[in-house]
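Student: coordinates only, sequence not included:
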């Protein structure tokens, strides 16, 4: 493990390279371009075997589906419109059970055009069967890259790990990037049971009639839901090997023990929320944070348990369901369907398209929810 | 053809041009190949879960991405040190000329080591005969119907051979189901070369074109004999006609074999004849 002071994207690219993917396929898009560029440099230096510079993102994901089906570890990185363009193959990849991995530099969707951070690009893919992990900082993303491959290859479902655009992708910090030799001990070689092989011909991605189609979707749902265990196990194992953990791998609680008022959120804004919690704690307020790390599969049980003793909860999300109840908010409410009682749960949508959510904003949110009354607001 | 790799029991129509081409592609190039399929009739008839008529590894992902999926496969094989397995695409004109065109161009520009076979039945036949950019002028389809103002499709067919050749890939050819030995020669020749290879094959569609199932091969010959479909080969940029009709038959003979041209007037047939004559002036 070497300490380096670099931009987050380049450190994430190095972590991906150290997972030894056979095939990378990328098309540049802000805010994930620097991950694609970092990987391209490794290819130029002969440290990555194959790099396909595609003519669009739809082809990037298509190429890594093909590479994975042929028995190779394969990866891409994208953002926003790029992920939206991939949408058709995002669903196909999960349905075909190819364990590809993508790093997502989160970014707002058009219109209006905007290159800055929010989560709607990846949240819009939440129903596809992909595993989605949201990282608070670049160090977590670096540590999540090897976990993503390991999870994907264990459950045979694709994984995207999500990083807030600019806030995390473009910030320079000092990181520890695990080396190739170290990762080899944690992440075994990709050796799928089924692949495109003339010696043992199989058909992948066939079409199914009404008699069979639903069965395929049920299988993905069952395995995606059951993968909670794998996400946690792989996280714990990584923690033992490399000494860094992120909550229990599914959720991370911050000062929750006696908290009565809890903000629930994901990704980098949780850094600001932690500061706001500290500030209000000094004033005697029993506030805390629950950070969701594994968004799909969603840890309903862990969320209900973590929030059980709270009086009021608010969900802050940089995502939305226009005309409906917002996605993370709905998931948190959904966590309580089997519970006899639940706290007041409120909704905050904020930080869209790079709109700043400052520590002061987070303090304001915590104070508002501490009044104990239900609200649904855009901050 | 050395080995049985395309089995009976597929669900293609009697007289299907594509099924004949598909069989020859698989059995001439297999068994050491990976077949990448675009959404099309060829997908639907070959691999309805849980059955298949294929004895080679097969993958289908979407309509428009066969060229990208194949790119990923060929790079994976390279990374694994596999230098022998052929990666072959089988796609229709819709997946090639139209919706998959960007991916095709990307694959050609990167000169991926893939053999692309496009069976051209000149419309979206899998979904009920809607026009594609491969549909010939005046052809009636469900989205270029014959009306008071527009007599079928208004435009000429997209010149895919020239467009592919403009990418300067090592091998580009056109073939027809009516000349199956020529197709097999071209398949073998293409497969022996490195880089991107592209063969477009004329492929009559019985229900879409309104032709008798017994005349598929005849129609596949007539289109060449009338000069409407040129059989060419472009190897490293050098173009040759691989078949030259001794005396071109009048195009009307071809149009009469199919209901999709039934509405054509003498003037329309005359326009097409003049178009073909002009196209052949350049051949000397």
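Tutor: Structure received. Small disclaimer: the values here were computed from a predicted structure and weren't measured.

Student: ok, which stretches of the chain are helices?
Tutor: Using chain A. Secondary structure of chain A, counting by DSSP state H: helices at A:8-18, A:33-44, A:57-69, A:80-96, A:120-123, A:138-155, A:180-186, A:213-242, A:269-282, A:300-307, A:327-334, A:359-369.

Student: Not quite, go with chain B.
Tutor: Ranges of helices in chain B, per DSSP H, are B:17-29, B:41-46, B:66-79, B:93, B:101-109, B:160-165, B:180-191, B:206-209, B:216-225, B:251-255, B:266-281.

Student: Let me know whether the third one sits next to chain A.
Tutor: Yes: counting by CB under 8 Å from any CB of the partner chain, chain A has neighbours in helix B:66-79: B:67-73, B:75-79. (Glycine included, C-beta is placed from N, CA and C.)

Student: Which positions within stretch A:225-239 qualify as buried?
Tutor: For stretch A:225-239, a neighbour-count test (16 or more other CB atoms under 10 Å in any protein chain shown) marks A:227-228, A:230-232, A:234-235, A:238-239 as buried.

Student: Stretch A:85-92 now?
Tutor: Neighbour counts using 16+ other CB under 10 Å place A:85-86, A:88-92 of stretch A:85-92 among the buried residues.

Student: chain center to that stretch: distance?
Tutor: Relative to the centre of its chain, stretch A:85-92 is centred 17 Å away, using CA atoms, centre = their mean, to the nearest Å.

Student: Leaving out sequence neighbours, find the closest residue to residue A:8.
Tutor: In this structure, residue A:8 finds its nearest non-sequential neighbour in residue A:138, 3.2 Å apart by CB to CB, 6 or more residues apart in numbering or on different chains.

Student: Tell me how many other residues crowd that neighbour.
Tutor: Using other CB atoms under 10 Å in any protein chain shown, residue A:138 has 27 neighbouring residues.

Student: Hmm, it is touching residue A:175, no?
Tutor: Yes: using CB atoms under 8 Å, residue A:138 makes contact with residue A:175 at a distance of 6.2 Å.

Student: okay, and the common contacts of those two?
Tutor: Residues touching both residue A:138 and residue A:175 (CB atoms under 8 Å, 6 or more residues apart in numbering or on different chains): A:8, A:11.

Student: May I have the residues that are in contact with the residue nearest the centre of chain B?
Tutor: With distances taken as CA atoms, centre = their mean, residue B:119 lies nearest the centre of chain B, 2.3 Å away. Residue B:119 is in contact with B:17-18, B:21-22, B:42, B:90-93, B:201, B:203, counting by CB under 8 Å, 6+ apart.

Student: I'd like to know how far the nearest residue to residue B:227 once chain neighbours are set aside sits from residue A:221.
Tutor: Spatial nearest neighbour of residue B:227, chain neighbours left out: residue B:248 (4.3 Å); criterion: CB to CB, 6+ apart. According to CB to CB, to the nearest Å, residue B:248 stands 60 Å off from residue A:221.

Student: Tell me which of those two has more neighbours.
Tutor: Taking neighbours as other CB under 10 Å, residue B:248 and residue A:221 compare with residue B:248 leading, 16 against 13.

Student: pretty sure that one contacts residue B:224?
Tutor: No: using CB under 8 Å, residue B:248 is not in contact with residue B:224, being 9.6 Å away.

Student: thinking again about what came up before, so the residue nearest to residue A:8 versus residue A:78, what's the distance?
Tutor: 17 Å.

Student: cool, residue B:91 as well?
Tutor: Distance from residue B:91 to residue A:78, by CB to CB: 25 Å.

Student: Also residue A:155?
Tutor: Separation of residue A:155 from residue A:78 (CB to CB): 22 Å.

Student: The two: who's more crowded?
Tutor: Comparing residue A:155 with residue A:78 by other CB under 10 Å, the one with more neighbours is residue A:78, at 30 against 22.

Student: so where's the chain shaky on pLDDT?
Tutor: Answering for chain A, as no chain was given. Residues of chain A meeting the criterion pLDDT under 70: none.

Student: that's the wrong chain, I meant chain B
Tutor: Residues of chain B meeting the criterion pLDDT under 70: B:1-2.

Student: Can you get me a residue count around residue A:43?
Tutor: Residue A:43: 18 surrounding residues under other CB under 10 Å.

Student: and the nearest residue to it once chain neighbours are set aside, how far is that from residue B:76?
Tutor: Leaving aside its sequence neighbours, residue A:43 sits nearest to residue A:51 (CB to CB, 6+ apart; 3.7 Å). In this view, residue A:51 and residue B:76 are 12 Å apart by CB to CB.

Student: got any residues that touch both of these two?
Tutor: Shared contacts of residue A:51 and residue B:76, counting by CB under 8 Å, 6+ apart, come down to residue A:23.

Student: With neighbour numbers in mind, choose between those two.
Tutor: Neighbours per residue, other CB under 10 Å: of residue A:51 and residue B:76, the larger number sits with residue B:76, 29 against 18.

Student: thought the more buried one was touching residue A:65?
Tutor: No: counting by CB under 8 Å, residue B:76 stays clear of residue A:65, with 10.6 Å between them.

Student: where do the contact lists of the two overlap?
Tutor: With CB under 8 Å, 6+ apart, residue B:76 and residue A:65 have common neighbours residue A:74.

Student: for the closest residue in space to residue A:223 that isn't next to it in sequence, what are its contacts?
Tutor: In this structure, residue A:223 finds its nearest non-sequential neighbour in residue A:155, 5.7 Å apart by CB to CB, 6+ apart. Neighbouring residues of residue A:155 by CB under 8 Å, 6+ apart: A:99, A:131, A:223-224, A:226-227, A:230.

Student: for residue A:331, same thing?
Tutor: By CB under 8 Å, 6+ apart, residue A:331 lies in contact with A:295, A:298, A:300, A:303.

Student: of these, list those near chain B.
Tutor: Counting by CB under 8 Å from any CB, no member of the contacts of residue A:331 reaches chain B.

Student: Tell me the one of the residues you listed nearest chain B?
Tutor: For these, the closest approach to chain B (CB to the nearest CB) belongs to residue A:295, at 25.2 Å.

Student: follow-up on the earlier one: from the contacts of residue A:331, keep the buried residues only.
Tutor: Buried members of the contacts of residue A:331, scored by 16+ other CB under 10 Å, are A:295, A:298, A:300, A:303.

Student: could I get the residues you listed as a markdown table with distance to residue A:355?
Tutor: Formatted as a markdown table, these follow (distance: CB to CB, whole Å):
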| residue | distance to residue A:355 |
| --- | --- |
| A:295 | 21 |
| A:298 | 25 |
| A:300 | 29 |
| A:303 | 26 |
